[in-house]
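**Q** pasting a predicted model and its sequence here:
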Amino acid sequence: MATAPAPGEARDGAAAGGLRLLGFVEARDRRVAVLRDGDGVYHGQVNEVLKGRYRVASMRAASVEVEDLPRGTRATLRADGALESAGADD
């Protein structure tokens, strides 16, 4: 029997709004995540907001965490296409 997601958590990938991590661009001391969805390709650094809704919360070696600002949910997008959703307080 499936359980309902905890508050602030989205198991179906809704926290990422269909965003997928394509990879990173690095130059000098600057690192930019490159993401895509059905509408286009987006790029952003930590704390930048994409599509007026998704904040780049953090970046790691092979993943980026995005926050859906209106919903208060977060999802970790990995370069291999995997999605890990997490609550806003994680």
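**A** Arrived safely, thanks for sending.

**Q** any low-confidence regions in this protein?
**A** Applying pLDDT under 70 to the chain flags the ranges 1-15, 81-90.

**Q** give me the contacts around stretch 31-46.
**A** 17-26, 30, 50-51, 56-59, 64, 66, 77 (CB atoms under 8 Å, 6 or more residues apart in numbering). Quick note: C-beta positions are derived from backbone N, CA and C, even for glycine.

**Q** element containing Val64?
**A** Using DSSP states H and E, Val64 sits in strand 63-68.

**Q** who are the packing partners of that strand?
**A** strand 30-36, strand 54-59, strand 73-78 (3 or more CB pairs under 8 Å, 6 or more residues apart in numbering; DSSP states H and E).

**Q** swap the cut-off to 7 Å and go again
**A** Using 3 or more CB pairs under 7 Å, 6 or more residues apart in numbering; DSSP states H and E, the elements in contact with strand 63-68 are strand 54-59, strand 73-78.

**Q** wait, Thr76 touches Glu65, no?
**A** Yes - with contact defined as CB atoms under 7 Å, Thr76 reaches Glu65; the gap is 4.9 Å.

**Q** in stretch 26-36, what's buried?
**A** Under the neighbour-count criterion of 16 or more other CB atoms under 10 Å, stretch 26-36 has Val32, Ala33, Val34, Leu35 buried.
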